[in-house]
Each structure stands twice: as C-alpha cells, then as structure tokens.
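>>> sequence unavailable; structure follows:
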Ligand SMILES: [Zn+2]
C-alpha cells in the first residue's frame, strides 16, 4: 500500500470514536519503533515531520525512511508536515511526496490565517493524488522546535469562528486550542495542584466545553489536538534515576485524551513522550553498561522503549488498534 492522505482514516476514526496517533519522527529508530508498534496493533498511523526534523535529518532521508516503513509494514501511513510556517514549505512537501500538510498561520490575524490556509488548500487539493490540509485556530503555549508561545500568551479557540474558517478555506481538519500545550513542561507549577503523596503535578483539565461547541458547529468534521503528550512519570523517573534532571515535567493526562478521542478529535499529536521514552531507554542502558560503546546497543534499547510506548498509546489512549 502506498502512502495515504488522512481523509478516509479520519472519516473512519470519527465514526468509530477513536483517534489516529500522529507521531513525530526524525531518525530511523523512531520511524521503526512507531511503525512496528502500529503493525503489531493493526493500527493506521501518521508519521509527522517538523521543520526542525527536516533540518536535522534532511527531507530526502525522512521521506525515504517513511517509504521504507510503508514497504516493511504494508500499513496505511500518512506522511504529514507538522507546523508548516508558510506556503513555500507546504508546497515543497506536497511536491516532494507528503500526503498531508499543516499550514500553521494561527499566530496571524483571522483574515490572514484564512487567506494563507486557502492558498495552501487550493494547491494541495489540485495535486494528484489529493493532499489533505490541517490548519489551526487559537494558539497553544509551550515550545516545539521553532514554535514558541509563552505561558499566558496562549488563546483558546473561539468556537464562533470555526464554521466561517472551514467554509472559507476548504480545509480538511482543524487543530484547536483547548488547553493542551507543546513540550515536556506543559504547565507551570502554579497552574497545577500537587499530589501531596507523590509530589507530582496535576494539570488543569482540558476545556471539553470548547471541543463540544466546536463539534456541534462542525458535525462530522475532524478535529486535531497538538501538544498531547502525557509525560508519563514512569519515564521521567527512569531518566532522573539514571542521571537525568527533569523537574516538574508534566503533560495532559491520558484519560482526558481518551475522552477527546471518543469525541470529534481524530488526530492526536505525540512527540515529547517519544523523546522521553527514547531518553529513558538510553540513559538506563548507559548507566547499567558503562563499558558499552556500540550505538546499536543503547539506541536499540531506546527504540524498544519507544515501541512499547507507542503500543500503549494506540491501545490505551487512541483506541486505533484493530482498525485496519
Ligand atoms: Zn504542534
């Protein structure tokens, strides 16, 4: 099966009450971990590439690795551009074989966001085969590669804008801001309560009221959540027990993401959790085997941790297992 766009996958996910995981990738081990996990779970999957990943690995390597994963697994895989900043990068990816792109003009005015999104949609939809487009309304706090928004400067999506935005742009899916955030430090400690027993921070709940209102206004339309790592504390503990120093790293609880996946959310972006799992595997290996110097040994352990994490996400959070 060749790479696919997201249209049909989202239609099935919407009807089926689950979401497709969109996992960021930037090296071979991460691509293998994600796609082997998806294969074992019989799940469709989205591999997404940010501007930072393109800089790190070069677009041609990423594309060829993803093509190799398609050939290796036979899965329906979407190759998606995460946070395209302008028309040129979206065009470059569409011309280069991506099957889906995000144009992120969420920091611009409503009218500028519409104009730029529409321009990308017209180009993407005219392409053969059809390339799907995701846009964003509202802004998330946090840091993801080149996208940085200070805590306090984020803004929730305004539900009263979504119908006009989708109608005028023709976009295929929409990322909304309901309280998720980029990075491994999603919330400042003062936004959270602290569990008195474990000392772990509990973040404020997602704004399900906004999601509900958006989905009422856009029936059947796929919604996307960015910044949706959960920063599982077992990985933070492994990292910190093996020489790391991650203090007060906190994410979005998995049960809230599961709830969103049962609603209009069809795509959930997960990046930081993969980074944490990879780092946990490598740090644990390095501490246990100070004499090892073959990268296959420690990166191989990192890959195993990422694969286990992706299987957990697919079966316990996204619900996309056995949906092929
Ligand atoms: Zn994002």
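Sure thing, it's come through. Values in this document were obtained by computation on a predicted structure and should not be read as measured data. Numbering: from 1, shown residues only.
>>> identify the residue spatially nearest to residue 230, adjacent ones excluded.
Among residues not flanking residue 230 along the chain, residue 251 sits closest, at 4.2 Å (Cβ to Cβ, 6 or more residues apart in numbering). Just so you know, the C-beta spots here come from the backbone N, C-alpha and C atoms, and that holds for glycine as well.
>>> and the gap between the one you found and residue 159?
Here the criterion is Cβ to Cβ, to the nearest Å. By it, residue 251 lies 25 Å from residue 159.
>>> those two: which is more packed in?
residue 251 (27 against 20; other Cβ atoms under 10 Å).
>>> and the more buried one, what are its phi and psi?
Phi and psi for residue 251, reported as degrees, to the nearest 10, are phi -130, psi -160.
>>> residue 49 too?
phi -130, psi 130.
>>> against residue 165, how distant is it?
25 Å.
>>> what does residue 315 give?
34 Å.
>>> those two: which is more packed in?
residue 165 (21 against 16).
>>> phi and psi next, for the residue nearest to the more buried one when sequence neighbours are not counted.
Spatial nearest neighbour of residue 165, chain neighbours left out: residue 137 (5.8 Å); criterion: Cβ to Cβ, 6+ apart. Phi and psi for residue 137, reported as degrees, to the nearest 10, are phi -130, psi 130.
>>> in the sheet, who's paired with residue 137?
Here residue 137 sits in beta bridges with residue 176, going by DSSP bridges.
>>> does it touch residue 176 like I think?
Yes: using Cβ atoms under 8 Å, residue 137 is in contact with residue 176, at 6.1 Å.
>>> count of neighbours near the nearest residue to residue 179 once chain neighbours are set aside?
Take residue 179 and drop its neighbours on the chain: the residue closest to it by Cβ to Cβ, 6+ apart is residue 206, 4.6 Å away. Neighbourhood size, residue 206 [other Cβ under 10 Å]: 19.
>>> tell me who's in contact with residue 206.
178-180, 252, 256, 260 (Cβ atoms under 8 Å, 6 or more residues apart in numbering).
>>> now that we have those residues, which one has the most neighbours?
residue 180 (27 neighbours).
>>> which residue packs closest to that one, ignoring adjacent ones?
Residue 180 sits nearest to residue 227 (Cβ to Cβ, 6+ apart), 4.1 Å away.
>>> can you tell me the SS state at the one you found?
Using DSSP: H, G, I helix; E, B strand; the rest coil, the structure places residue 227 in coil.
>>> any idea how far residue 185 is from it?
For residue 227 relative to residue 185 (Cβ to Cβ), the value is 11 Å.
>>> what's the overlap in contacts for those two?
Common neighbours of residue 227 and residue 185 (Cβ under 8 Å, 6+ apart) are residue 142.
>>> out of these two, which sits in the more crowded spot?
Between residue 227 and residue 185, counting by other Cβ under 10 Å, residue 227 is the more crowded of the two (26 against 21).
>>> check contacts around that one.
So residue 227 contacts 140, 142, 144, 180-183, 186, 252, 269 (Cβ under 8 Å, 6+ apart).
>>> quick one: those residues as JSON lines, columns for distance to residue 195 too.
Conversion of the contacts of residue 227 to JSON lines gives the following (distance: Cβ to Cβ, whole Å):
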{"residue": "140", "distance to residue 195": "25"}
{"residue": "142", "distance to residue 195": "22"}
{"residue": "144", "distance to residue 195": "27"}
{"residue": "180", "distance to residue 195": "21"}
{"residue": "181", "distance to residue 195": "20"}
{"residue": "182", "distance to residue 195": "24"}
{"residue": "183", "distance to residue 195": "21"}
{"residue": "186", "distance to residue 195": "16"}
{"residue": "252", "distance to residue 195": "16"}
{"residue": "269", "distance to residue 195": "26"}
